[in-house]
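Trainee: model this:
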Amino acid sequence: YNYDPANEEKYGKLYNWYTCVDARQLCPTGWHVPTDPEWTVLTNYLGGEGVAGGKMKTTGTIEGPTGLWFFPNIEATNSSGFSGAPGGVRFGSYDDIGSIGYWWSSSKYTSTIGLIRLITFEGSNITQSIPNKELGFSVRCVRDF
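Mentor: Numbering: from 1, shown residues only. Got it, this is the predicted structure:
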């Protein structure tokens, strides 16, 4: 985020969708960027879209200063161990750090649109969205079966 190493240490890097499916593989051997159906399995396992986000967010607030999310970071428990951080978005400029965590899936919606999941500081839900593949979002790798 903003080419600042301090942000990278806290929130990780931001990648476009093409990096997620590149043959050089963003994830280490034995791991992959999850598909949208795999995100759905996780969301359902955690109780559905209305509550899964809170179970996936790190706790605390920037204002606390005990966390990475802005206040109020509603129902953040991280009970899933996902430890989701609000890394924001890169779309030429940068936005949303501290307020929204976005994560790519390797699934595509159209030739120019991908599929992501996002969590905000204002709720406990997780939402699917369809952004342009050139935008920069966080990535979470999952172990191959």
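
Trainee: Just want the most central residue of the protein.
Mentor: The residue at the geometric middle of the chain, judged as the C-alpha nearest the mean C-alpha position with Cα atoms, centre = their mean, is Trp103 (2.9 Å).

Trainee: Would you agree it is in contact with Leu115?
Mentor: No. With contact defined as Cβ atoms under 8 Å, Trp103 does not count as touching Leu115 (10.2 Å). In short, each C-beta sits where N, CA and C put it, glycine included.

Trainee: And the strands in this structure?
Mentor: In the chain, strands defined by DSSP state E lie at 31-32, 89-91, 93-95, 100-108, 114-120, 126-129, 142-143, listed in chain order.

Trainee: Out of those, the one nearest Gly81 is which?
Mentor: Nearest to Gly81, of all the strands of the chain, is strand 142-143, at 12.9 Å by Cβ to Cβ.

Trainee: Neighbouring strands - and their directions - for that closest one?
Mentor: strand 31-32 (antiparallel) (DSSP bridges).

Trainee: who's in contact with Asp95?
Mentor: Remark: with contacts taken as Cβ atoms under 8 Å, 6 or more residues apart in numbering, Asp95 is in contact with 88-89.
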